[in-house]
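[1] structural data only, the sequence is not supplied:
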């Protein structure tokens with residue numbers, strides 16, 4: 001497993017500054033959150049890649065800033081939007097390639113969408129295949145506000161699309177009221193990366209080591225299923241005080257992985 005951290009933790013600090021601050025922590029891997037269209041420009045991306053190469057850190061995944069628009073692009077009743085969305089996401093696939101990563105995070109349709117489940121999976125398969133054609137794994141993340149937030153949905157997706165990989169997000173499971181152990185079981189050997197956070201009875205997202213979540217147990221379960229991807233600390237700015245606390249939580253993860 002690779003201990004990592006996401007540039008999303010330092011939002012809204014500009015992406016290149018966030019990346020530079022986080023590479024100073026010497027993570028084995030990073031997730032890069034693309035926050036604006038101009039950040040998809042090849043020269044900008046090459047600049048990010050140069051920083052991580054110099055630090056000996058590998059970028060493993062990319063998160064698109066337009067995840068919230070995926071219901072409109074890919075799950076509406078208007079076919080041209082789907083085609084437009086596919087063309088737009090090819091820019092993110094190019095970004096994944098330039099950055100030397102392997103996966104793109106996907107949220108998907110929202111809860112309560114009129115599109116039936118048997119309509120979701122064929123559309124996702126088209127997207128997944130297009131991403132694969134560009135050398136990218138399009139990974140379904142469990143997200144509380146989306147259809148993908150439920151264990152029931154993940155179980156159905158595993159049956160419909162056994163080839164698809166997943167991003168297991170701990171805080172999103174907590175916020176959805178889902179059993180993280182069941183989600184890990186359902187995703188099985190198809191977890192590409194983990195978005196790690198801690199929590200307690202009152203707070204759904206805390207730095208690793210600051211809550212009561214059994215992180216070692218989760219790591220053992222996924223390791224037993226052959227997981228060897230990035231375990232990526234992903235928090236929101238309000239979940240930690242400063243870079244010192246963020247660094248401490250990352251070091252806690254590194255210690256946990258080494259024992």
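    Thanks, I have it. None of the values given here were measured: they were computed from a predicted structure.
[2] which helices and strands does the lengthiest helix in the chain pack with?
    Counting residues, the longest helix found in the chain (DSSP state H) is helix 79-99. In this structure, helix 79-99 packs against helix 42-55, strand 58-63, helix 70-74, strand 103-106, helix 117-133, with contacts taken as 3 or more Cβ pairs under 8 Å, 6 or more residues apart in numbering; DSSP states H and E. The C-beta positions use only the backbone N, C-alpha and C, and glycine is treated the same way.
[3] and it, which residues are buried?
    Neighbour-count burial for helix 79-99 flags 82, 85, 89, 92-96, 98-99 (criterion: 16 or more other Cβ atoms under 10 Å).
[4] residue 140: which of those is nearest?
    Using Cβ to Cβ, residue 89 is the member of the buried residues of helix 79-99 that lies nearest residue 140, at 14.0 Å.
[5] if we can go back for a sec, dump the buried residues of helix 79-99 to JSON lines, plus distance to residue 156 and pLDDT.
    Formatted as JSON lines, those follow (distance: Cβ to Cβ, whole Å; pLDDT from 0 to 100):
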{"residue": "82", "distance to residue 156": "21", "pLDDT": "97"}
{"residue": "85", "distance to residue 156": "22", "pLDDT": "98"}
{"residue": "89", "distance to residue 156": "23", "pLDDT": "98"}
{"residue": "92", "distance to residue 156": "26", "pLDDT": "98"}
{"residue": "93", "distance to residue 156": "26", "pLDDT": "98"}
{"residue": "94", "distance to residue 156": "31", "pLDDT": "98"}
{"residue": "95", "distance to residue 156": "30", "pLDDT": "98"}
{"residue": "96", "distance to residue 156": "27", "pLDDT": "98"}
{"residue": "98", "distance to residue 156": "34", "pLDDT": "98"}
{"residue": "99", "distance to residue 156": "32", "pLDDT": "98"}
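[6] which one among these gets closest to residue 137?
    residue 96 (8.9 Å).
[7] residue 64 is in contact with the closest one, correct?
    No: Residue 96 is not in contact with residue 64 according to Cβ atoms under 8 Å; the separation is 10.0 Å.
[8] now list whatever residues contact both of these two.
    Residues touching both residue 96 and residue 64 (Cβ atoms under 8 Å, 6 or more residues apart in numbering) are residue 104.
[9] separation between the closest residue to residue 167 other than its chain neighbours and residue 16?
    Leaving out its chain neighbours, the residue that sits closest to residue 167 by Cβ to Cβ, 6 or more residues apart in numbering is residue 141, at 3.9 Å. Using Cβ to Cβ, to the nearest Å, we find residue 141 at a distance of 24 Å from residue 16.
[10] what about the two, which has more around it?
    Under the neighbour definition other Cβ atoms under 10 Å, residue 141 and residue 16 were set side by side, and residue 141 has more, 22 against 15.
[11] related to what we said a few turns ago, please name the residues that touch the residue nearest to residue 167.
    Listed by Cβ under 8 Å, 6+ apart, the contact partners of residue 141 are 105-107, 148, 166-169, 172, 195.
[12] among those residues, which ones are in strands?
    Those of the contacts of residue 141 mapping onto strands are 105-106, 166-169, 195, per DSSP state E.
[13] what helix or strand does the closest residue to residue 13 other than its chain neighbours sit in?
    In space, and not counting its chain neighbours, residue 13 is closest to residue 21: 7.4 Å by Cβ to Cβ, 6+ apart. Taking DSSP states H and E as the criterion, residue 21 maps to helix 15-23.
[14] alright, that wraps it up for me.
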